[in-house]
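> Any chance you could fold what I've pasted below:
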Amino acid sequence: MTMKTPDLRSESEALRVAMCQVETGHWDVTGNLDRTLASLQDAGNRGAQLAITPENVIQGYPPHASPEERARLHECGTKIDGPELGQIGDLASEHAMDIVVGFTEKTPHGTLHNSCAYIDRTGKIIAVYRKVHCRPFEDAAHEGTFVAGDEFMTAPCAVGDSVYTIGLYICFDREIPESTRCLRAMGAHFIACPLATNTSRLDAPLNRADNEMLTRARAAENELFIAVVNHSGSYNGGSFLVGPSGECLLQMDEHPGVAIVDVPVAVVPQRFHSDPLGWAGWGHRRPSVYSRHLERASSIDEGRATDP
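Predicted coordinates:
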């Protein structure tokens with residue numbers, strides 16, 4: 001008989017997380033940045049150790065379907081060494097607070113990525129994650145603008161004398177099971193997920209498989225925390241945080257604001273990942289079996305793609 005998952009309330013060491021649900025407008029780079037900085041300032045004033053913003057928060061995740069919109073997005077893209085991330089880094093240093101911020105990254109070569117940066121509490125950018133899974137409408141290989149990334153990222157986050165591993169992904173990544181599996185394999189205890197889409201309520205009756213239900217499943221099957229932070233204004237808010245048993249710790253409403261959650265992150269390494277087999281069967285996996293089937297499926301898919 002499978003035992004119930006550990007009680008999260010039994011752990012004392014917590015990571016104070018700020019979910020910064022920023023009100024954004026499409027293309028309003030100046031206003032979006034000002035509201036983002038204000039939200040982060042609020043988070044820092046309230047003692048947050050890790051603050052998370054929405055996906056493409058600086059640009060407001062504007063439409064980019066037409067040639068004119070694509071050109072405009074290129075114009076307002078954010079450079080890694082640009083002033084926008086510099087101002088956010090200054091706030092991180094001022095409050096000794098780690099920050100995950102989503103933005104349209106413009107590279108020196110002129111390409112665009114849907115990215116999020118992990119800025120540590122000294123104000124230094126220590127990781128830049130580029131969204132791996134882009135739907136066709138945003139993928140430059142199809143009808144979109146963003147060049148997809150090809151690597152998942154984690155970053156260390158200190159809490160007292162302990163260091164926890166924060167995984168990074170963006171929006172649609174959470175719907176692909178392998179995304180969370182990769183981050184779990186990389187040692188993630190907590191995943192920060194900037195978002196830009198309308199959300200469903202987690203306290204509503206479940207009548208279909210929506211993105212929120214899938215996120216709860218990802219958290220439970222990998223025994224970790226996932227914080228999903230959405231826009232207000234451009235989208236309907238509803239940012240939420242789920243735990244390693246699939247439980248919902250908090251969900252925001254549609255209004256802009258900063259929600260502070262003391263996340264008992266210590267429970268993950270101490271009581272979930274400490275068992276090499278894992279409560280949800282991590283240690284029972286047989287990758288060599290899966291690889292044969294997955295390679296076969298990939299070959300079939302590639303053949304279909306090249307058929308006349």
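
> Please, where are all the strands along the stretch 201-308 of the chain?
Counting by DSSP state E, counting those that start in this stretch, the stretch 201-308 of the chain forms strands over residues 225-229, 240-242, 248-251, 257-263, given from the N-terminal end onward.

> For the stretch 101-250 of the chain, give me the ranges with low pLDDT.
Under the criterion of pLDDT under 70, none of the stretch 101-250 of the chain is flagged as low confidence.

> Check which helices and strands the helix or strand hosting V128 is in contact with.
V128 is located in strand 125-130, with elements delineated by DSSP states H and E. Counting by 3 or more C-beta pairs under 8 Å, 6 or more residues apart in numbering; DSSP states H and E, the packing neighbours recorded for strand 125-130 are strand 112-119, strand 153-159. Any C-beta I mention is one placed from the backbone N, CA and C, and that applies to glycine too.

> ok so, going back, deepest-packed of the strands of the stretch 201-308 of the chain, please.
Mean neighbour count, computed with mean count of other C-beta atoms under 10 Å, is highest for strand 225-229 among the strands of the stretch 201-308 of the chain, reaching a mean of 27.

> Can you list the strands that that strand pairs with?
According to DSSP bridges, strand 225-229 has the following sheet partners: strand 190-194 (parallel), strand 240-242 (antiparallel).

> That strand vs strand 257-263, what angle?
180 degrees (axes from the mean of the first three to the mean of the last three C-alpha atoms, to 10 degrees).

> neighbouring contacts of strand 225-229?
Contacts to strand 225-229, defined as C-beta atoms under 8 Å, 6 or more residues apart in numbering, come from residues 17, 19-21, 52-54, 174, 180, 189-195, 199, 215, 218-219, 239-244, 249, 261, 263, 265, 268.

> could you dump it to PDB, C-alpha only?
Output for strand 225-229, consisting of C-alpha atoms alone and laid out as PDB, is shown next (Å, rounded to 0.1, in the frame of the first residue of the first chain):
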ATOM      1  CA  PHE A 225       7.000  23.000  -6.000                       C
ATOM      2  CA  ILE A 226       6.000  24.900  -9.100                       C
ATOM      3  CA  ALA A 227       5.100  28.700  -9.000                       C
ATOM      4  CA  VAL A 228       3.200  29.900 -12.100                       C
ATOM      5  CA  VAL A 229       3.100  33.700 -12.400                       C
END
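
> Show me how far that strand is from its chain's centre.
Between the centre of strand 225-229 and the centre of its chain there are 7 Å (C-alpha atoms, centre = their mean, to the nearest Å).

> Kindly report the same for stretch 15-31.
Between the centre of stretch 15-31 and the centre of its chain there are 14 Å (C-alpha atoms, centre = their mean).

> ok, residues contacting the strand holding V128?
By C-beta under 8 Å, 6+ apart, the residues outside strand 125-130 that reach it are 80, 85, 89, 105, 113-120, 147-155, 168-170.
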